[in-house]
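> Starting from these lines, generate the structure:
(chains A and B)
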2 protein chains.
Amino acid sequence: MTLLRKVIMALTLETINETSVAALEIILAKAESAFGTWAGTTLIARSEALELIADRLDEASDELIQLAMAETHLAEPRLMGELKRTMFQLRFFAKQVLGGEFLNVRIDHKDDEWPMGAPRPDLRRTMQPLGPVLVFAASNFPFAFSVAGGDTASALAAGCPVVLKGHPGHPALSRKTADVVLTALADAGAPEGTFDIIFGTRNGAEALADCRIKAGAFTGGIPGGRTLFDIASGRAEPIPFYGELGSNNPVFVTPAAEAERGESIAREFVTSFTQSAGQLCTKPGTLFVPSESAILDELRNMELPSEAPLLNEGILAAFSDGKGRLESHDGVRVLNDSTSRTTGDASPILFHSTLGQIRRAPESLLAECFGPAALVVTYENVAELSEVAKLYEGQLTASIHGTNSCDVGSLMHVLSQKAGRVLWNQWPTGVSVTYAQQHGGPYPASTAVQSTSVGTAAMDRFLRPLAFQGFPDHLLPAPVRDSNPLGIPRQVNGECV
Amino acid sequence: MTLLRKVIMALTLETINETSVAALEIILAKAESAFGTWAGTTLIARSEALELIADRLDEASDELIQLAMAETHLAEPRLMGELKRTMFQLRFFAKQVLGGEFLNVRIDHKDDEWPMGAPRPDLRRTMQPLGPVLVFAASNFPFAFSVAGGDTASALAAGCPVVLKGHPGHPALSRKTADVVLTALADAGAPEGTFDIIFGTRNGAEALADCRIKAGAFTGGIPGGRTLFDIASGRAEPIPFYGELGSNNPVFVTPAAEAERGESIAREFVTSFTQSAGQLCTKPGTLFVPSESAILDELRNMELPSEAPLLNEGILAAFSDGKGRLESHDGVRVLNDSTSRTTGDASPILFHSTLGQIRRAPESLLAECFGPAALVVTYENVAELSEVAKLYEGQLTASIHGTNSCDVGSLMHVLSQKAGRVLWNQWPTGVSVTYAQQHGGPYPASTAVQSTSVGTAAMDRFLRPLAFQGFPDHLLPAPVRDSNPLGIPRQVNGECV
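Down below sits the predicted model:
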């Protein structure tokens, strides 16, 4: 046993212990008392604090990567890329904070001639942070959707303290990352309570029900996520709950695309559905191809990637269930199974079915199967695709592979109503963190269809509007003062200035 | 009995009948089938349809006002002002639709050097209407928050068909207004099903639970509103529910303001709390004044306005309950009661209590009492105000009356966390429809703290983001095409253009 392994085991034993009732109470009380101060921090100071967290993660990266490899079984290059993305997210939000666009400032000057029938008062609207936010870390992104991940970064950027519920799949990494965040925030002058970590499923549920928590964010499966959504909605004061619960991410290939580049579509599909052992919320779960398609032959005959260990036992068990559901279905057969070459239960596998079978049993065939499995569905008539697309529940993504001559209008129309992001000749995995990104969608892709958990708009989840009416300039907060001391973009009397 | 009265009674008997199960099913099916067409209507056509509704309301205004007077007991000038406001709202949203800012378009060009660690794809994000919306009409604004009111206007403007649940307090007016809207939409070329009206409490609840409805909007009391919120949140696919459930709208007067203009504050307060017989969601329910205040004497000795009939028996009963709760409280005494001069149970009345009493029983003393009653609370020390402000639940508004020399920082800080709109030396009644207006607030002021039901941002309630990745220009919807054919403001690569 290596020294590192011993350290991890010791840390795990310590941190996997649930946070005590007394400690949880202290953490919630501190988050509440930190709120006013952190919310009132200048944009510059808040931005610098986010930058410092990124810098400190960078400094600790060797140790963090080692811990992540040991606890998650994900490969080093993937983890290094994810940590880089995580630092980028923090710095991207730091830049957004400085820009001030997220404050969405609108100023109406007094107007005695306002045509409504009564004078318009002086009104100035800006965004306020909601209050302490409870973030549930995900297992499949131990950096980017965990302790210092996108939800934490966007909530801190919005001015909200964060109580982070650590994922039991990587407790030592969670503890270490939390320590990095805590030290960076303290060194940046943030008030105590701006961030803290808790462990334990029950503690997560109790914190979510606590009146000091004003929003929740979660990435995970439907049963647990729905339970948490119901807790958040059932409180005396219901709060927004941003749960990303599952997505099948269908991909539709037109006959023209198949004819033009069927082989590369087949290869790219396999790369996409087996990436990170299929443990991505945007993994393409269904590929629709023409019957008699060369893609089908290609997929049947190619060598699938080798088995990679899954994140933890729970995910392995869920994957086996999902695979079993497809295997045991009358209308489904195995198209390509790498199991014969490998030893474990997590071998990449492809199934095949037909559009007719999908119509008969959409619930079981179109559900998400988290892990390295996917279903290839052959169709006879391209016009049927928009009908079958209607059978899907809400999706994070839906993709079309076509050519410029394809008439995909009605399919795009249906997919635009089903998904948060629609792609053309690209693959849904590898979610870029950008200004225009949308990562969410109709339920169960998200419990909050109007939000995104990736991209600059992710901050909006933790903000609420507040208007000031009739105040003299010296009493107003900086964003809405006449002189625009922050130099931020604002709408004045309906015009952007 | 006048002819008009006979017509109203006949209409009432007809329309107060609940919509039948079969008719409800047809209306929901038509709303669903209208969605794609109405959502895809050009911005110009959608804007013109809203304008036409306003024009047709104008043409029918005489009949509408007569019906409203007979059914709501509200005074003619108030109703004429409200109808004018309603037409203004429709035209204001018509203008917003044309402007296209509500689409919040963000475009990221492909960037191979994107510092995240992987190339950025071409991403284009715009807003999509959610789907058919169920709007529950309010009783206290038979035009502005009823059939053709703000929720209907903003949902139609967003591209959503509207199923309107009529309020039983003004059924004949509701039927007539619905006919005006239906005819205008048909004449504007909107698809059948873009709008329709239903009656019956149970039908409202069943429609809200129906999977074809994608959002709900409501203005009313806490018990009914919370029941509806729970239905919307408990669905297999939970949907956003915008409920505005109640607000006390406290007003805090500093000693300096009292000294400077106590008499006018007293007079303005009485005007504000008795306006429309106190049946406004922004009615100031509590006035905090210094003890030994001249304001108290002024309020004790002035003649309160005469009794005005309340909207309906239900509201009268609730008002009597609320008044009784205050009357029977040990720490509350009557300050000024106009009942002796009048005959009914809806006479304006003012109560008096102290800060110490409020601290002992905040729940009963700070709850909303809908109707012409208010509580005056005397305080000893201005520093106590920010502490007592913390006892409030979420509010639509909170107001401060002060002078430029007052130190109100900590009070503003607390009120900013409690309310959606904070006012200075103004009164909360008379909500202006503007770009910067915010009408909402923490629960129970709103079940959706991040939304507003008044002002241009009200459209956001019925929209969701959708991103397109990697599409060629000719397949993209107009708002995100390279050439910007709609000429709308857009963010490109993080910069507004």
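
> When you work out contacts or count neighbours from here on, use the C-alpha atoms and nothing else.
Fine.

> what's the domain layout of chain A?
The domain map for chain A lists A:3-245+A:448-467+A:475-480, A:251-424, with the assignment taken from automatic domain parsing.

> Out of those domains, which gets nearest to residue B:480?
The stretch from the domains of chain A with the least distance to residue B:480 (CA to CA) is domain A:251-424; that distance is 13.3 Å.

> Rounded mean pLDDT for the closest one, please.
Averaging pLDDT along domain A:251-424 gives 95.

> And the domains of chain A: which comes nearest residue B:360?
Comparison of the domains of chain A against residue B:360 by CA to CA identifies domain A:3-245+A:448-467+A:475-480 as nearest, at 20.7 Å.

> sorry, back to before: what's the most buried one of the domains of chain A?
Greatest average neighbour count among those goes to domain A:3-245+A:448-467+A:475-480 (a mean of 21), per mean count of other CA atoms under 10 Å in any protein chain shown.

> which SS class is the residue in the stretch 201-350 of chain A that chain B sits nearest to?
Ranking the residues of the stretch 201-350 of chain A by distance to chain B (CA to the nearest CA) places residue A:237 first, at 5.8 Å. When classified by DSSP: H, G, I helix; E, B strand; the rest coil, residue A:237 comes out as coil.

> That one and residue B:446 touch, don't they?
No: counting by CA atoms under 8 Å, no contact exists between residue A:237 and residue B:446, whose distance comes to 10.0 Å.

> Now do the shared contacts for those two.
Common neighbours of residue A:237 and residue B:446 are not found (criterion: CA atoms under 8 Å, 6 or more residues apart in numbering or on different chains).

> I'd like the mean pLDDT over stretch A:82-95, please.
Predicted confidence along stretch A:82-95 averages 98 (mean pLDDT).

> scratch that, stretch A:120-133 is what I was asking about
Stretch A:120-133 shows a mean pLDDT of 98.

> Endpoints of that stretch, how far apart?
Across stretch A:120-133, the terminal residues are separated by 36 Å (CA to CA, to the nearest Å).

> is it up against chain B anywhere?
Yes: counting by CA under 8 Å from any CA of the partner chain, chain B is contacted by stretch A:120-133 at A:120, A:121, A:123, A:124, A:125.

> now those residues in a markdown table, with secondary structure and distance to residue B:157?
Below are the residues of stretch A:120-133 next to chain B laid out as a markdown table (DSSP: H, G, I helix; E, B strand; the rest coil; distance: CA to CA, whole Å):
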| residue | secondary structure | distance to residue B:157 |
| --- | --- | --- |
| A:120 | strand | 22 |
| A:121 | coil | 25 |
| A:123 | strand | 23 |
| A:124 | strand | 24 |
| A:125 | strand | 22 |
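
> among the residues you listed, which two are most distant?
Going by CA to CA, the two entries of the residues of stretch A:120-133 next to chain B that are most distant from one another are A:120 and A:125, at 14.1 Å.

> Do any residues in the host helix or strand of residue A:387 lie close to chain B?
Counting by DSSP states H and E, the element that carries residue A:387 is helix A:385-389. No: with CA under 8 Å from any CA as the measure, helix A:385-389 is seen stopping short of chain B, the closest distance being 13.9 Å.

> For the very next helix or strand once past that helix, what is the distance to the chain centroid?
Proceeding C-terminally, helix A:385-389 gives way to strand A:395-401 as the next helix or strand, assigned by DSSP H and E. Offset of strand A:395-401 from its chain centre (CA atoms, centre = their mean, to the nearest Å): 16 Å.

> quick revisit: quick check: phi and psi at the residue of the stretch 201-350 of chain A closest to chain B.
phi -110, psi 100 (degrees, to the nearest 10).

> Quickly note the distance from it to residue A:215.
Looking at residue A:237 against residue A:215, where the rule is CA to CA, the gap reads 11 Å.

> do the same with residue A:194
Counting by CA to CA, the gap between residue A:194 and residue A:215 amounts to 15 Å.

> cool, residue A:422 as well?
According to CA to CA, residue A:422 stands 28 Å off from residue A:215.

> ok, now residue A:145?
From residue A:145 over to residue A:215 the distance is 17 Å, taken as CA to CA.

> Also residue A:234?
Applying CA to CA, the value for residue A:234 to residue A:215 is 13 Å.

> In the stretch 1-150 of chain A, mark out all the strands, start to finish.
Using DSSP state E, counting those that start in this stretch, the strands of the stretch 1-150 of chain A run over A:106-108, A:123-129, A:133-136.

> Tabulate those strands in TSV, adding columns for distance to residue A:377.
Putting these into TSV (distance: least, CA to CA, whole Å) gives the following:
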stretch	distance to residue A:377
strand A:106-108	50
strand A:123-129	46
strand A:133-136	35
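
> Nearest to residue B:171, out of the domains of chain A?
For residue B:171, the closest of the domains of chain A is domain A:3-245+A:448-467+A:475-480, at 26.0 Å, according to CA to CA.

> I'd say residue A:255 and residue A:291 touch.
No: with contact defined as CA under 8 Å, residue A:255 does not reach residue A:291; the gap is 9.3 Å.

> Could you measure from the residue nearest to residue A:457 when sequence neighbours are not counted over to residue B:103?
Of all residues not flanking residue A:457 in the chain, residue A:435 sits nearest, at 7.3 Å (CA to CA, 6 or more residues apart in numbering or on different chains). Here the criterion is CA to CA. By it, residue A:435 lies 15 Å from residue B:103.

> How about residue A:336?
The gap separating residue A:336 from residue B:103 is 44 Å, by CA to CA.

> Point out the residues in the stretch 51-200 of chain A that sit beside chain B.
Residues of the stretch 51-200 of chain A lying near chain B (CA under 8 Å from any CA): A:81, A:84-85, A:88-89, A:106-108, A:115-121, A:123-125.

> Show residues contacting the longest helix seen in chain A.
Taking DSSP state H as the criterion, chain A has its longest helix at helix A:76-99. With CA under 8 Å, 6+ apart as the test, helix A:76-99 has contacts from A:43-44, A:46-48, A:50-51, A:53-55, A:57-58, A:61, A:65, A:68-69, A:102, A:141, A:143-144, A:148-150, A:153-154, A:157-158, A:276, A:433, A:456, A:488, B:115-117.

> If we use 7 Å, what do you get?
A:43-44, A:47-48, A:50-51, A:54, A:65, A:69, A:143-144, A:149-150, A:153-154, A:157, A:456, A:488, B:116-117 (CA atoms under 7 Å, 6 or more residues apart in numbering or on different chains).
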